[in-house]
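predicted model and sequence follow; I will ask about them next.
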Amino acid sequence: MALLDIRGLQTWFDTRAGTVKAVNGVNLSIQPGETLALVGESGSGKSVTAYSVLRLIEAAGGRIAGGEVLFKGTDLLKLDAAGIRAVRGNRIAMIFQEPLSALNPVQSIGTQIVEALRLHRDIGLRAARERAVELLELVRMPSPRERAEEFPHRLSGGMRQRAMIAIALACEPELLIADEPTTALDVTTQAQILALLRELQQRLGMAMLLITHDLGVVAEIADRVAVMYAGRVVEEGAVGALFDRPAHPYTRGLLDAVRIEALPPGSRLPEIPGIVPSLLDLPPGCAFAPRCGRASAICQAELPALRAIGVGRRHACCHPHLEPVPA
Amino acid sequence: MSASAQPGLLWRLSVNRSAAGGAVLLALILALAIIGPLLWPGDPWEMAAPPMLWPGEDMANPLGTDVMGRDLAAGLVSGARVSLMIGLVSTLIAAGIGTLFGALGGFYGGSVDAVLMRVTELFQTVPSFVLAVVLVAVFRPSVATAVLAIGIVSWPATARLVRAQFLLLREREFVLAGETIGMGTPRLILTQILPNALPPVIAMSTLTIAHAIQTEAALSFLGLGDPNVMSWGTIIGGGREQLAEAWYVCGLPGIAVVVTVLAFNLLGEGLNDALNPHLQRR
Amino acid sequence: MSAPLLELRGLVKHFPAGAGTVRAVDDVSLHVAPGETLGLVGESGCGKSTIARLVMRIYQPSAGSILFDGAELARADRARMQMVFQDPFASLNPRETIGRILEQPLLVHRRGDAAERRDRVAALLQRVGLRPELAQRYPHELSGGQRQRVGIARALILHPAMIVCDEAVSALDVSVRAQVLNLLLELREELGLTALFISHDLAVVRHMSDRVAVMYLGQLVEQADRDSLWHAPRHPYTRALIAAAPRLDPSAARTPRALLQGDLPSPIDPPPGCRFHPRCPLAQPRCRQEAPALRQVGAAQVACHFA
């Protein structure tokens, strides 16, 4: 059985200008111990999907309009307030893009780990403090015992991200949701944090839902990847297969646009024309059709469903690319 | 996100309940101040009827008369003009001084800012009403001195707000962009920073008007109003001794002050919401 | 080689910070030849944006000099050197229409009458790929990519000889990033622009530049033409920067590689000697004591004792 099974999720925002269908019928599943990357550009609905899993979307003004989020068979959307609190930070933990705003500025990081532990575990203060130091050691924080006493603003960006990961891992979650965990970091620090996440995930056997806009990050640590566009999943598959043979023109366009190193310097870059459509006013058919070089009348008329093309490979396109990417 | 700035603001104000309420009240008060003298012509200082007529006792003087037999309706209308005028002009003075101090301090920072902010603090530490009383007393009571005194005691809050806005906007990229295309300092301040700094100042100014009206009433009550002008404070001050027998003499102008202050406060609160960019996105 | 259009000589910028001093830029010398694009790459806090602001005279240098076209940089050069900013949301005045924003440089420099200015704005909007009707719109009505096109148009409206692009595409989505980079490439070619292209992304910098300079903690560590820097990086930091960039090939991405350890030190109290030595895999005792000078090694200039 899948660890997490998202079925037909719809998350909408009611604004004065109309209803923004940020997530509009998303199906995804994550197996135990697997890393699934959810990739897309801004406004694709990738973050909203992740926040909807833990029902953190109401605070942002959104509402879940439909669908199910099954975590080991239990629908998280049907839990009462106490029920969902018992899941958050315990069985499903989350790390964020900006560690400085996600950490409490007036508590030492050791205290914040202790709090996270004692919220869900019956554990004494002394034991919790010991465990906090172990966790900081686990995330390879240099001199963990001393750092436990430090406040977030005294740490570097990379160390803050390590501290946030330590807090998330406090209760040994089965699923870690990582929302753009390295976007705010420098390249050399990003490489360290990605290596750490990969190592921890293998060592602890937890599953990971990684939200990112960066296909390079996907290639580094994900097992499977789902590409989102305008609130829907347009393609899904194992990372290797999807990078080698992107079927959806959008996926192919994204990959072409970032494969800048393969091109002669100064040459024209392959681009996806046009702009992302407004979520208030989506075209009736495929949302990508207005920007797609392969679109035909059928694309404008009907919304393509996600269809399987082999083991674990799905795409939502009427005119998919079948040939591999030329080397 | 689609409508352009100007109609958007009016629309946002009209759907904001407190702003709409404030605006309606204010319109009524303004209408009274403008057309009132046509309904009750004659000098508010003149004896028009027997003294201490209760409201409704004689329809020639619908709101009654005070201890000197002066018509209260005429007095209230005259008071409305005085209060609104003093409130507006003194707030303009306060906003002018405050914006100048705040803008210069926030833009230049460093020692300019330090000196300007010390001066601002000096004005803030002196109780503003006491300072207003002293200023009016020294320069002999008149409408002009009242306006000046109220303006001078009200500017520090505006200065602090404008300074905070300038500090924030000074580092924004569009301001740097203005600098890189070669804009001089006055142009940079007037065309790039100030238009973005003003909305909260406008919202706050409506609250400053309300405060100014109260201060004027208090000054007149203490007998420091212009002796030639009938304001709400003057009427309250005159009716003080007969409070037990004829409470309405103090009560009616008192209600007028409360309603006017309320109107400005509601409008200010509504403006604050409507001009707040964070709420606009919703 | 022709005389440089822009030359930085021993440029220093220090900012007071509480008890200490942030040594944002510490003795940097650079030059950009006419028609050339110099790429400037480095991580946050390396001083690359400070250099952009010094060149644009938003900041005054603490020491050293900036020469433009052979003479000390002056206010009058403003029109000849323009900048494209990073954040397309913050770099346009939210209370001015697009037309007004683009007209401002012409107004400031008293170019043309109202009709000429209007025509120039319309023509330039079209050239950067926007409909001229957008002149009546406000920035919040535009997408990020459209706003960045407006930012580019603003930088070009005075016919500058040089443009400074400070992280001009880092805030954009990948699909839009390619559009904007292509636009910059086209315009540079068409207008014969000289450019200083600043970014944290080495792959983008390499694509856009003729030569590349790498900065670390306020200093230059390596400078070379783009191909030698990319294929034969000499400074250990340049090598680490290339190795740390995520691979797009999933099978190559999983192969272990040498990662830089530790975090960027604070620019308030930079390490003595070579500033990179605490994180450097090649560091020797000498590196702790002696700061390496930039010297010619093959086709590159490198500041390393062991390059």
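It's in.

residue nearest the centroid of chain B?
Of all residues in chain B, the one closest to the mean position by CA atoms, centre = their mean is residue B:209, 1.1 Å from it.

what residues are up against it?
B:87-88, B:91, B:264 (CB atoms under 8 Å, 6 or more residues apart in numbering or on different chains). Quick note: C-beta positions are derived from backbone N, CA and C, even for glycine.

which of those are buried?
Using 16 or more other CB atoms under 10 Å in any protein chain shown as the burial test, these include B:87, B:91, B:264 as buried.

give the contact list for the second one.
It refers to residue B:91. B:151, B:154, B:205, B:208-209, B:212 are the contacts of residue B:91 under CB under 8 Å, 6+ apart.

kindly recompute the last result at 6 Å.
B:205, B:208-209, B:212 (CB atoms under 6 Å, 6 or more residues apart in numbering or on different chains).

look at it and give its secondary structure.
helix (DSSP: H, G, I helix; E, B strand; the rest coil).

what does the model give it for pLDDT?
Residue B:91 carries a pLDDT value of 93.

for the first one, same thing?
Per-residue confidence at residue B:87 stands at 90 (pLDDT).

host element of it?
According to DSSP states H and E, residue B:87 maps onto helix B:72-108.

tell me which helix or strand comes right after that helix.
Helices and strands here follow DSSP H and E; after helix B:72-108, the next one along the chain is helix B:110-125.

nearest residue to the residue of the stretch 1-150 of chain C at minimum distance from chain A other than its sequence neighbours?
Closest contact between the stretch 1-150 of chain C and chain A, by CB to the nearest CB, is at residue C:43 (3.9 Å). Nearest residue to residue C:43, sequence neighbours excluded (CB to CB, 6 or more residues apart in numbering or on different chains): residue A:186, at 3.9 Å.

and residue C:302, bridged to which residues?
Beta bridges link residue C:302 to residue C:222, residue C:295, judged by DSSP bridges.

verify the stated contact: it with residue C:234.
Yes - counting by CB atoms under 6 Å, residue C:302 does reach residue C:234; the two are 4.6 Å apart.

of the two, who's got more company?
For residue C:302 and residue C:234, the more surrounded residue by other CB atoms under 10 Å in any protein chain shown is residue C:302, and the numbers stand at 25 against 21.

give me the buried positions along the helix ranked longest in chain C.
With secondary structure taken from DSSP state H, chain C has its longest helix at helix C:174-191. Neighbour counts over helix C:174-191 (16+ other CB under 10 Å) mark C:174-185, C:187-188 as buried.

nearest to chain B: which residue in the stretch 201-307 of chain C?
Counting by CB to the nearest CB, the stretch 201-307 of chain C gets nearest chain B through residue C:267, at 18.6 Å.

next, that residue: secondary structure please.
Three-state assignment for residue C:267 (three-state DSSP): coil.

work out for me the element the residue in the stretch 101-250 of chain A that chain C sits nearest to sits within.
The nearest approach of the stretch 101-250 of chain A to chain C comes at residue A:216, 2.8 Å away (CB to the nearest CB). Using DSSP H and E, residue A:216 falls within helix A:215-221.

cool, and residue A:107?
Applying DSSP H and E, one finds residue A:107 in no helix or strand.

please apply the same query to the one 3 residues further on.
In this assignment (DSSP H and E), residue A:110 forms part of helix A:109-120.

what comes up buried for that helix?
Buried residues in helix A:109-120 (16+ other CB under 10 Å): A:109-117, A:120.

and for residue 176, the neighbour number?
Going with chain A. Residue A:176: 23 surrounding residues under other CB under 10 Å.

sorry, I should have been clearer: chain B.
Using other CB under 10 Å: residue B:176 sits among 20 other residues.

gap between it and residue A:313?
As judged by CB to CB, to the nearest Å, residue B:176 and residue A:313 stand 48 Å apart.

my guess is residue C:54 contacts residue C:61, does it?
Yes - between residue C:54 and residue C:61 there is a contact at 5.5 Å, judged by CB under 6 Å.

spit out the residues that contact these two alike.
In contact with both residue C:54 and residue C:61: residue C:13, using CB under 6 Å, 6+ apart.

what residues does the stretch 101-250 of chain A have near chain C?
For the stretch 101-250 of chain A, the residues in contact with chain C (CB under 6 Å from any CB of the partner chain) are A:156, A:158, A:186-188, A:191-192, A:216-217, A:219-220, A:239-240, A:243.
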